[in-house]
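Asker: no sequence on hand, only this structure:
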């Protein structure tokens, strides 16, 4: 039990790793002070260009993937889900940066690939379809966050996994509250980079 608690705490700390700050900082930019002010892959993509944005996405994706894989390997699916949730929460509300983190999409996706490969594939397909059609990353992210619990239900996953995924989905949607307002107003930015 103690080992599990330590691993969940370590997953949270892994989630706090400041990928966007480090990558954007290498080109002299602070993602919290430029663009949307969000320390995530999409904002880095917009302010610093395609390659830095892709690197941030990959690093944030790895946080979820590594956390879920470690939990799964040590004590099965319940710990894998707990570590996945912890890493995503660490990314969104990091104690190391005054609880001001990213939106959790890439980190959540990394863990979902490990834990729920088939629903994750459906989620990626939905994301890319909506992002291509609308040129809005936020709409794709919000839609997938809401759709994932339903995809888990359709693939017969147990209730604890569905509820954990639903909780993360609500957290991700809550972090997109400004994007939702801009989407409703028709002022949301496209995903074009510099």
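Answerer: On my side now, so go ahead. Note that this is a predicted model, so its numbers are computed, not measured. Residues are numbered from 1 along each chain as shown.

Asker: wait, isn't residue 96 in contact with residue 15?
Answerer: No - assessed by C-beta atoms under 8 Å, residue 96 is found out of contact with residue 15, at 10.0 Å. In short, each C-beta sits where N, CA and C put it, glycine included.

Asker: which one's more surrounded, these two?
Answerer: Between residue 96 and residue 15, counting by other C-beta atoms under 10 Å, residue 15 is the more crowded of the two (29 against 12).

Asker: so who does residue 113 touch?
Answerer: Contact analysis of residue 113 by C-beta atoms under 8 Å, 6 or more residues apart in numbering lists 65, 120.

Asker: let me know the secondary structure of it.
Answerer: What DSSP: H, G, I helix; E, B strand; the rest coil gives for residue 113 is helix.

Asker: with residue 100 instead?
Answerer: Of the three states, residue 100 takes coil according to three-state DSSP.

Asker: center of the chain, which residue is that?
Answerer: Computing the C-alpha centroid of the chain and ranking residues by C-alpha atoms, centre = their mean puts residue 105 first, at 2.1 Å.

Asker: setting aside sequence neighbours, what's the nearest residue to it?
Answerer: Nearest non-adjacent residue to residue 105, counting by C-beta to C-beta, 6 or more residues apart in numbering: residue 141, 4.6 Å away.

Asker: show the contacting residues for the one you found.
Answerer: With C-beta under 8 Å, 6+ apart, residue 141 has these contacts: 103, 105, 127, 172, 176.

Asker: do residue 101 as well
Answerer: Contacts of residue 101 by C-beta under 8 Å, 6+ apart are 16, 39, 90-94.

Asker: could you pull up phi and psi at residue 38?
Answerer: When read as degrees, to the nearest 10, the backbone of residue 38 gives phi -90, psi 130.

Asker: next secondary structure after the longest helix seen in the chain?
Answerer: As assigned by DSSP state H, the longest helix anywhere in the chain is helix 50-75. Next in sequence after helix 50-75, counting helices and strands by DSSP states H and E, comes helix 77-92.

Asker: check which residues of that following helix are buried.
Answerer: Within helix 77-92, the residues scored as buried using 16 or more other C-beta atoms under 10 Å are 79-92.

Asker: what distance separates the helix or strand of the chain at the bottom of the mean pLDDT ranking from the centre of its chain?
Answerer: Ranked by mean pLDDT, DSSP states H and E, the weakest helix or strand in the chain is helix 177-185, scoring a mean of 87. Helix 177-185 sits 19 Å away from the centroid of its parent chain (C-alpha atoms, centre = their mean, to the nearest Å).

Asker: also stretch 130-139?
Answerer: Remark: stretch 130-139 is offset 16 Å from the chain centroid, using C-alpha atoms, centre = their mean.

Asker: name the residues of that stretch that come out as buried.
Answerer: 130-131, 134, 136-139.
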